[in-house]
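A structural model of the following input is requested.
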Amino acid sequence: MNKKVLATVLSAGLCISAFAACGKKEEEKKTTEAGTYEVQLSDSSMITDATNISMMKDGKVLSDMNGDWIDPEQADKRYVAIMVVNNNLGLPQSGIEKADVVYEMLEEGGISRCLCLFSQDTLKETDKIGPVRSTRVNFDRKALEHDAVLVHWGGIWAMMEMPLIEDLDDMNLNTESSAYGFRVSRPGYGSEFTGYTSGEKILQGMQDKGFDFDKCDKYESMFSFNMEDKDLEGGETCNKIAITSNIESKPSFDYDPETKLYKKNTYGHEQIDEVSGNQIAYKNLIYEFCPHYVLGDEAGSKYIDDVGKGSGLYCTNGKVIPITWEKDAKKKFAYKEEIFGQSATRSGACSDYGVTHFYTNDGQELKLNPGKTYITLFPDSANNDVAYE
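Purely as a prediction, here's the structure:
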């Protein structure tokens, strides 16, 4: 794991976002309007501009995926990303509400799929996740962006004729990893919507395959969190936000002022987790507007260009603000020329291919509120079709 310096928090509500090169002091105290914090540095000679600073409170650190206070050992553990159905032929989903982060992205035919990121601790308590579906081009990249193990049930023909991405840890439940999935009887559903997995099976599969359980040495966090819930300054009212085009399901979210969460709807109905019976809900919503292209495969798969810069929206606590996103890749993904005009090789650290970061329009790093996050990658050519009120 990458080296970290732990900063002990004496007063909640404060956050140290970055450190310049430090001097020789081993302890520094500062007072602000919000209170007092103390930074304890065990070895100041090792501190540089690139040092990863983690806040500590009562022996716990902030999760970089949901903003909760967790044990440092848990914070070192890598995530698991599971492909889950998101169209009406396969709904409802199971176990999705336990995911810390969910991505929704378009695939062929105007339908979308979800990539659900789970912590290892959450997986230990999750007995049924699915229906697990086949992966697509951009989902493997998002998994790698979080250094996550990708779990899927097959893939489009082109991706199955080659490695997804060299060195990406993945479990294909339709082939070599079939022992880590299972079928569920669902009368009236197609067989492609009957494949599931469990946290126990995934963790066993990671062990059997020799996958690392810890994050890579050069792991880079995508998100930054407030240390406690905070309303947006400025912004516009956002009690409902919906996509009106491109995605068949027309996903929307309604804000619940009592829980301070956004509840998801799909195909005009509440989107329910089959296991719990709850409508899935999120603290943070991010809409990331990116160029979308149609690939040259038989299925007409989508390619989403999420490297570079772009615009977006961030919603929390009943308000929405415009944001920007940036992703600077030292290396670029590529696929075989005869299929996509590129090649499929990869080498290097998990963060070499870029990690997306989000900013407010004044250039400050976006701070999410602690809680679960739903991210929709949507065509930048149709950003006006994301409407809120």
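
which residues of the stretch 251-389 of the chain fall in strands?
Under the criterion DSSP state E, counting those that start in this stretch, the stretch 251-389 of the chain contains strands at 252-256, 261-266, 269-270, 281-282, 284-290, 292-294, 302-304, 308-316, 319-327, 357-360, 373-379, 386-388.

nearest to residue 148, of these?
Closest to residue 148 of these is strand 373-379 (Cβ to Cβ; 13.9 Å). C-beta: built from backbone N, CA, C; applies to glycine.

who does the closest residue to residue 318 other than its chain neighbours form a beta bridge with?
Take residue 318 and drop its neighbours on the chain: the residue closest to it by Cβ to Cβ, 6 or more residues apart in numbering is residue 255, 4.9 Å away. Following DSSP bridges, residue 255 is listed with bridge partners residue 262.

go on, residue 327?
residue 308.

how far does the one helix or strand residue 241 maps to sit from the chain's center?
Element membership of residue 241, judged by DSSP states H and E, is strand 240-243. Relative to its parent chain, strand 240-243 has a centroid offset of 20 Å by Cα atoms, centre = their mean, to the nearest Å.

ok, residues contacting it?
Strand 240-243 is contacted by residues 250-255, 262, 285, 287, 313, 315, 320, 376, 378, 385-389 when judged by Cβ atoms under 8 Å, 6 or more residues apart in numbering.

quick one: buried ones out of the residues you listed?
Those of the contacts of strand 240-243 that meet the buried threshold are 251-255, 262, 285, 287, 313, 315, 320, 376, 378, 386, 388, by 16 or more other Cβ atoms under 10 Å.

so what does residue 138 look like in phi/psi?
Residue 138 adopts backbone torsions of phi -80, psi -20, taken as degrees, to the nearest 10.

my read is that it contacts residue 105, right?
Yes. With contact defined as Cβ atoms under 8 Å, residue 138 reaches residue 105; the gap is 5.7 Å.

give me the common contacts of these two.
302, 304, 377.

can you tell me how far residue 194 is from residue 257?
39 Å (Cβ to Cβ, to the nearest Å).

what about these two, which has more around it?
Each of residue 194 and residue 257 has its neighbours counted (other Cβ atoms under 10 Å); residue 194 has more, 17 against 9.

the nearest residue to residue 79 once chain neighbours are set aside: neighbour count?
Excluding its sequence neighbours, the residue lying closest to residue 79 (Cβ to Cβ, 6+ apart) is residue 148, at 4.2 Å. Residues lying near residue 148 (other Cβ under 10 Å) number 24.

hmm, back to that, the residue nearest to residue 318 reaches residue 281, doesn't it?
No. At 9.7 Å, residue 255 does not count as touching residue 281 under the criterion of Cβ under 8 Å.

which neighbours do the two share?
Common neighbours of residue 255 and residue 281 (Cβ under 8 Å, 6+ apart) are 261, 262, 263.

quick check, central residue of this protein?
residue 101 (4.3 Å; Cα atoms, centre = their mean).

pull the contacting residues for that residue.
65, 66, 116, 117, 146, 372, 373, 374, 375.

again, only using 10 Å
Contacts for residue 101 (Cβ atoms under 10 Å, 6 or more residues apart in numbering) come out as 65-66, 79, 81, 115-118, 142, 146, 148, 222-223, 282, 284, 286, 372-375.

ok, now residue 173?
Contact partners of residue 173, counting by Cβ under 10 Å, 6+ apart, are 82-83, 130, 132-134, 151-154, 179-182, 195-197, 201-202, 205.

for residue 95, state which of the shared contacts of residue 138 and residue 105 is nearest.
residue 377 (22.1 Å).

how far away is that closest one from residue 251?
12 Å.

nearest to residue 122, out of the strands of the stretch 251-389 of the chain?
strand 373-379 (14.4 Å).

just to revisit the earlier point, list residues touching both of residue 377 and residue 251?
With Cβ under 10 Å, 6+ apart as the test, residue 377 and residue 251 both reach 104, 112.

what's across from the residue nearest to the centre of the chain in the sheet?
With DSSP bridges as the rule, residue 101 is bridged to residue 117, residue 373.

strands of the stretch 1-150 of the chain, residue ranges please.
4-8, 27-32, 35-40, 52-57, 60-62, 69-70, 80-84, 101-106, 112-118, 149-152.

listing partners with orientation, what would you give for the last one?
Strand 149-152 sits in its sheet next to strand 80-84 (parallel), strand 170-172 (parallel), going by DSSP bridges.

could those go into CSV alongside mean neighbour count and mean pLDDT?
Listed next are the strands paired with strand 149-152 as CSV, based on neighbours: other Cβ atoms under 10 Å; pLDDT from 0 to 100:
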stretch, mean neighbour count, mean pLDDT
strand 80-84, 27, 98
strand 170-172, 23, 92
